[in-house]
Every structure is written in C-alpha cells, then in structure tokens.
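Novice: Compute the structure for the input listed below.
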Amino acid sequence: MDGMKKIWTGIKDGWKNLGKSKQIGLVFVLIFVVSIVTSLTYYTQKVEYATLFSDLEEADAGTIVNDIKTKGIKYKLEDDGTTILIDQAQVDTYRIELAVNDMLPKSTTGFEIFDETSMMATDEDRKIMYQRAVTGELERSISALDSIEQAKVMLSLPEDSVFTSEENQSQASASIVLTPISGSQIPMSAVQGIASLVSGAVDNLPKENIKIVDTAGNLLSTALEDEGNLNATDLVSKYQAITKSYEQELEQKLLQTLGPIYGMDKMTVAVNAKMNFDSNESEIINYGDSSVRSEAVSAGGGTIDVEEGEGFENSINQIQSGEEGGNSTYNRTTNYELNSETTNTIKAPGEVEKLSASVIFDGNLNPADQESLEAIVATTIGSVEERDTISIQGIDFATTTDATDTTAPEQLKSSIRDTLVRYWPYLVGGLAILVILIVLLRLLRKRNDDDDELDFFDEEEPEPIIEPVRPVRPTDEERKAKEQADLKRQLNKNMSEKESTVRDYAKESPEGAADLIKIWMKDE
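Specialist: Below you'll find the model as predicted:
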C-alpha cells in the first residue's frame with residue numbers, strides 16, 4: 001500500500017514539475033492512444049448479424065442455441081425465439097458444421113400452412129398445400145415415436161375423376177424413410193404401426209402400397225406384404241429382420257433388468273437367436289371302438305338251426321340240417337362303424353430353436369455372483385436349460401486415459417489460440433497503456449534527477465582557481481574586501497543549506513511548507 005502511495009505521490013509531483021507544454025503534449029498522447037484502442041476494440045468486436053434460421057420449432061431452436069453457446073458464438077433471437085441471427089461471417093461455416101453433425105432443423109409444415117392462404121390461390125395450389133400439410137403431420141407423428149429420430153414421408157395421391165368408379169380408381173402410395181435413434185433398431189411392431197397410421201391418414205392407401213426403408217437402405221415393409229408375392233431374397237431379408245428384432249428385444253430386457261443392479265456402463269449384453277420359419281401342417285386320425293351300424297338277416301328252406309358266435313365271429317353262421325336231403329338258405333349281413341378323431345395342426349413360422357446369451361461384466365466375479373447373474377439372465381430371456389446356452393464372464397474393460405492424455409495438450413493449444421484471437425485488441429490496448437506509464441515514470445525520474453543536480457550545483461559553488469603568487473602583504477583595503485567576500489560566501493552557504501532543507505521539507509510535507517510560507521508572508 002505504501003509503495004502505491006509513493007508511486008502516486010511521485011506521479012503527482014512529476015506532473016507538477018513538468019512544464020506546461022509537456023503536460024499538454026502528454027495529455028494529447030494519452031487521448032490519442034485511448035482513441036486508437038477504443039476504435040480498434042469497436043471495429044474488431046463489432047458484429048454484423050445475419051439470419052441463420054427462421055420459423056423454427058421450439059425444440060430445434062433450443063438445440064441450436066445450446067450449441068451456439070457452447071461454441072461461444074454471439075447470437076440474437078427474434079420473432080419470439082423462432083429466428084436466430086449470428087455473425088454474418090460465420091453463417092456459412094456454422095451451417096456446414098450443423099450439417100456435418102446432423103443438427104440441421106428437422107421442422108416440417110403441417111396444417112398451419114393454411115393459416116396464411118392467399119385469396120388468389122387456385123384449386124391446384126390448395127391440393128399441393130393439402131398434400132404438404134398431410135405429409136408434414138405424418139412426419140411429426142412418426143418422429144414422435146420412441147425408436148425413431150426423424151421421418152421423411154413422400155405421398156403419391158391419384159387425381160379423382162368423375163368418369164371412373166370407386167372400384168376402378170387408382171390407389172395412393174407412400175414411401176417413408178426412417179432415421180432410427182443412434183444405437184437402436186426399429187422393431188417390426190413399430191413398422192406395422194407406422195403403416196397403419198399412414199394408411200388411415202390417407203384415402204385409398206392400402207398397407208401393401210406403403211414402402212418403408214431406413215437410412216441404411218434396409219427394406220422394413222416386407223412384413224406388410226404377402227409372402228406369396230415375395231421372392232427368396234425378400235423372404236430371407238424379412239426373416240433376418242424378425243430375428244434381429246427379437247434379439248434386440250431380449251437384449252433390451254437384459255439391460256433394463258441388470259442395469260440398475262450393476263450399472264449400464266459396467267456390462268455388455270449380446271443375444272443370438274436361432275429361429276425356424278418353416279410352416280408345417282400335420283393331420284392325425286385316431287380310431288376308437290367299433291359299433292354295429294346296421295344288420296340284415298334272410299332265411300329259406302327246411303328247418304335250420306343256427307348257432308351264432310360272439311363279436312366279429314358272429315358273422316360266421318353255423319348251419320345244421322334238420323333233415324337229410326332238405327334244402328335251406330340263411331343269410332345275415334352286419335355293417336360295423338369305427339369312431340375316428342381327426343386333428344389338423346399348423347405350426348406357425350418363427351419357432352425359437354436355440355438361444356445364446358452372453359454377458360460380460362467389467363471386473364471380477366466370484367462363483368456365487370456368477371451363478372446368481374446366470375440365473376437372472378436365464379429367467380429374463382426365458383431360457384430352456386436343455387436347449388439354450390448362457391455365458392457369464394468378468395473381464396476388465398479397456399480405459400481411454402491414453403487418448404485423453406494425448407488430446408489434452410491439443411485442446412489447451414486450441415483454447416489459448418482462440419482466446420488470443422478473440423481478445424487481441426484488449427491485449428494491445430493494455431500493452432500500449434503499460435508502455436505509456438513506463439515512459440511517464442522514466443520522464444518523472446529524469447526530471448527528479450535533474451532537480452537534484454541543480455541543487456547540488458547551487459549548494460557547492462566551486463571556488464575559482466587562483467594561480468599561486470608570491471605572498472605579499474595585503475593592504476587594508478584588500479583585507480577588508482577579502483573579509484567581505486568570506487562573509488558573503490559564508491552567508492550564501494548558509495542560505496543554500498537552509499534552502500535545501502526547506503526544499504526537502506516541502507517535498508516531504510507539502511501542506512506544512514504551504515502553512516509556513518503563509519506565516520512568513522504575514523510576518524512581512
């Protein structure tokens with residue numbers, strides 16, 4: 001604190017000791033430097049805003065604004081937050097960055113397109129607007145599903161004609177491109193639901209006319225088509241998609257069950273399913289006990305004794321003649337009926353033949369924990385012990401510290417470079433002010449040194465050098481003149497000492513010196 005006070009006192013004294021012309025020049029220099037620094041700061045930091053996006057949805061606007069804040073870009077919001085403006089020099093670059101990072105606005109136009117309908121719009125314009133509105137509403141509805149991030153819908157609507165009946169009118173068709181959420185697959189149930197949604201929203205659009213693909217080019221709508229109309233390749237793709245969807249469903253169940261217990265980042269889960277898509281049909285007939293359905297008996301001739309057997313043997317009649325030489329006939333016909341039961345069995349395709357589940361845990365597992373984890377996995381996926389296989393392993397996961405260490409210096413250099421680029425006008429201004437202060441202090445110090453030299457010369461006046469002469473006896477006048485010169489020299493010396501003392505006192509205590517001078521002036 002004392003040091004700062006001394007510096008400030010020195011600056012004030014130095015300013016007072018400067019001449020008026022030097023003071024004016026120094027003021028002009030300071031004004032010039034401040035003006036230059038202010039102008040540089042203003043023109044370098046001045047931002048000319050340009051529109052980045054307009055008519056944004058709230059979700060898209062929030063996502064983009066958060067990214068802008070992260071990158072430290074200056075921005076402005078207009079139209080209740082639906083329009084974003086940034087530095088004009090960064091508009092194109094930032095749009096490219098958004099496109100590379102897949103962060104461009106995904107907003108679509110729905111039926112609000114009719115809010116600003118022109119009175120001059122024709123019927124054809126209204127048809128196009130209606131198709132755009134239906135397309136936009138479908139894209140919004142599909143994008144709201146859990147497993148889908150973005151949807152693109154393209155509709156082909158036939159024109160109605162009064163010359164064709166409803167049965168002969170052309171059917172509409174739709175093509176849909178789905179973008180799944182990163183790391184997930186679109187289940188078949190979601191595909192069927194999307195097809196039903198689109199079919200119900202568009203007139204005369206059967207499900208068979210809806211084609212759905214994902215961003216990888218996989219055809220997802222094969223499950224909507226009749227298998228009789230599919231070729232072998234399409235059937236294989238369909239069955240593979242069903243198998244993959246079933247595997248992912250089991251994996252999701254395992255993660256939901258084990259994640260809260262062990263941690264989502266502490267394990268990896270994989271399920272492999274082997275399914276049989278053969279369609280089998282079998283018929284089984286079971287025969288029961290027999291029963292008599294009908295019986296007929298006829299006889300003729302003489303006396304006949306008939307002995308009947310039992311069961312199936314009663315169809316064999318034993319005929320005995322009563323009299324020799326007589327003729328007789330006897331016929332008996334019995335029809336039996338067998339009870340039968342017919343069972344037709346159709347085995348649905350998609351039977352699970354085998355499941356293989358693998359769970360890798362980050363760390364070591366003791367036998368007890370491994371056994372309990374295996375039991376949880378078996379129960380979750382519905383495993384059959386004789387059929388399925390479950391593998392549980394405890395292995396330490398690899399770390400990414402090396403990658404972090406290598407990228408840290410690069411990030412530090414980048415941050416320092418960005419800081420210098422952003423704040424260089426302030427740094428230049430600060431350096432200029434510092435240089436001015438140093439120059440001012442040097443001038444003040446030089447001024448003080450000059451004053452000290454002047455005081456030294458005033459205090460110690462050099463005596464004149466007199467060449468040695470032969471001593472002569474001074475006269476009375478010379479002796480008086482010498483005494484007067486010595487007295488004058490002594491008086492000047494005493495006055496110089498007093499003046500030096502007064503100056504020192506005035507420097508140390510300006511206020512006291514001022515009071516002393518006032519007292520002297522009053523005494524005089």
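Novice: roughly how far is stretch 83-94 from the heart of the chain?
Specialist: On the basis of C-alpha atoms, centre = their mean, to the nearest Å, stretch 83-94 sits 20 Å off its chain's mean C-alpha point.
Novice: And the pLDDT at Ile395?
Specialist: What the model reports as pLDDT for Ile395 is 87.
Novice: Same check on the one 3 residues further on?
Specialist: Reading off the confidence values, Ala398 has pLDDT 79.
Novice: SS state for Asp102?
Specialist: Classification of Asp102 using DSSP: H, G, I helix; E, B strand; the rest coil returns coil.
Novice: which residues sit in contact with it?
Specialist: Going by C-beta atoms under 8 Å, 6 or more residues apart in numbering, Asp102 touches no other residue. C-beta coordinates here come from the backbone N, C-alpha and C atoms, glycine included.
Novice: ok, now how distant is it from Asp146?
Specialist: To Asp146, Asp102 is 19 Å away according to C-beta to C-beta, to the nearest Å.
Novice: burial of Ile186, as a residue count?
Specialist: 22 (other C-beta atoms under 10 Å).
Novice: do the same with the one 5 residues further on
Specialist: Neighbour count of Val191, defined by other C-beta under 10 Å: 22.
Novice: Work out for me the element it sits within.
Specialist: helix 188-201 (DSSP states H and E).
Novice: Give the rounded mean pLDDT of the helix or strand just after that helix.
Specialist: Remark: after helix 188-201, the chain's next helix or strand is strand 210-214, criterion DSSP H and E. Averaged across strand 210-214, pLDDT comes to 90.
Novice: Kindly export strand 210-214 (C-alpha atoms) in PDB.
Specialist: Output of strand 210-214 as PDB, limited to C-alpha atoms (Å, rounded to 0.1, in the frame of the first residue of the first chain):
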ATOM      1  CA  ILE A 210     -46.500 -48.400 -48.300                       C
ATOM      2  CA  LYS A 211     -42.800 -48.900 -48.600                       C
ATOM      3  CA  ILE A 212     -40.700 -48.200 -45.600                       C
ATOM      4  CA  VAL A 213     -36.900 -48.200 -45.500                       C
ATOM      5  CA  ASP A 214     -34.300 -47.000 -43.000                       C
END
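Novice: neighbouring strands for the helix or strand hosting Ile346, and are they parallel or not?
Specialist: In the assignment (DSSP H and E), Ile346 maps to strand 328-347. Note on strand 328-347: by DSSP bridges, its sheet partners are strand 280-301 (antiparallel).
Novice: thinking Ser199 is in contact with Ser221, fair?
Specialist: No: at 11.5 Å, Ser199 does not count as touching Ser221 under the criterion of C-beta atoms under 8 Å.
Novice: what is in contact with those two at once?
Specialist: Ile210.
Novice: by contact count, what packs against the helix holding Val191?
Specialist: Applying 3 or more C-beta pairs under 8 Å, 6 or more residues apart in numbering; DSSP states H and E, one finds that helix 188-201 contacts helix 123-143, strand 173-180, strand 210-214, helix 232-262.
Novice: Identify each buried residue in it, please.
Specialist: Within helix 188-201, the residues that count as buried by 16 or more other C-beta atoms under 10 Å are Met188, Ala190, Val191, Gln192, Ile194, Ala195, Val198, Ser199, Ala201.
Novice: Could you chop the chain up by domain?
Specialist: Under the assignment the TED database, the domains of the chain span 49-101, 120-160+168-225, 245-279+349-395, 284-347.
Novice: looking at those, which has the lowest confidence?
Specialist: domain 284-347 (a mean of 66).
Novice: what's the first-to-last distance across that domain?
Specialist: Criterion C-alpha to C-alpha, to the nearest Å; first-to-last residue distance in domain 284-347 is 14 Å.
Novice: same check, this time on stretch 6-26
Specialist: 21 Å.
Novice: Distance from the chain centre to it, please.
Specialist: For stretch 6-26, the distance to the chain centre is 60 Å (C-alpha atoms, centre = their mean).
Novice: Stretch 255-270 too?
Specialist: 22 Å.
Novice: I would like the residues contacting that stretch, please.
Specialist: Here stretch 255-270 has contacts from 251, 254, 357-363, 373, 376-377, 380, using C-beta under 8 Å, 6+ apart.
Novice: how does it look with 10 Å?
Specialist: When contacts are defined by C-beta atoms under 10 Å, 6 or more residues apart in numbering, stretch 255-270 is touched by residues 247, 250-254, 356-363, 369, 373, 376-377, 379-381, 391-395, 397.
Novice: In helices only, show me the residues you listed.
Specialist: Assigned to helices by DSSP state H, the following of those qualify: 247, 250-254, 369, 373, 376-377, 379-381.
Novice: Max pairwise distance over those residues: which two?
Specialist: Maximum pairwise distance among the ones in helices among the contacts of stretch 255-270 (C-beta to C-beta): 25.4 Å, between Glu247 and Asp369.
Novice: more crowded one of these two?
Specialist: Ranked by neighbour count (other C-beta under 10 Å), Glu247 and Asp369 place Glu247 first, with 20 against 15.
Novice: How much space separates the more buried one from Ile381?
Specialist: Taking C-beta to C-beta, one finds Glu247 at 10 Å from Ile381.
Novice: any shared contact partners between the two?
Specialist: What both Glu247 and Ile381 touch, as defined by C-beta under 10 Å, 6+ apart, is the set Val271, Ala273, Leu355, Ser356, Ala357.
Novice: Let's see if you can find the most crowded of these.
Specialist: Sorting the shared contacts of Glu247 and Ile381 by how many neighbours each has (other C-beta under 10 Å) puts Ala357 first, at 24 neighbours.
Novice: Pairing partners for it in the sheet, please.
Specialist: Residues in beta-bridge contact with Ala357 (DSSP bridges): Val271, Ile390.
Novice: do you know how far Ala348 is from Glu281?
Specialist: For Ala348 relative to Glu281 (C-beta to C-beta), the value is 11 Å.
Novice: wait, Val177
Specialist: Using C-beta to C-beta, Val177 is found at 39 Å from Glu281.
Novice: Look at these two and report which has more neighbours.
Specialist: Val177 (15 against 8).
Novice: contacting residues around Lys347?
Specialist: Asn276, Asp278, Ser279, Asn280, Glu281, Ser282.
Novice: Let me fix that, I meant to ask about Thr122.
Specialist: Thr122 sits next to Ile128 when contact means C-beta under 10 Å, 6+ apart.
Novice: how close does it get to Lys347?
Specialist: Applying C-beta to C-beta to Thr122 and Lys347 gives a distance of 59 Å.
Novice: cool, and Met129?
Specialist: 52 Å.
Novice: before we move on, what about Pro187?
Specialist: 24 Å.
Novice: What of Pro158?
Specialist: When Pro158 is compared with Lys347 (using C-beta to C-beta), they lie 41 Å apart.
Novice: where do the strands sit along the stretch 1-150 of the chain?
Specialist: 49-53, 75-78, 83-87, 148-156 (DSSP state E, counting those that start in this stretch).
Novice: possible to save these as CSV with distance to Gly288 and mean neighbour count?
Specialist: Below are the strands of the stretch 1-150 of the chain laid out as CSV (distance: least, C-beta to C-beta, whole Å; neighbours: other C-beta atoms under 10 Å):
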stretch, distance to Gly288, mean neighbour count
strand 49-53, 80, 17
strand 75-78, 85, 13
strand 83-87, 83, 19
strand 148-156, 57, 17
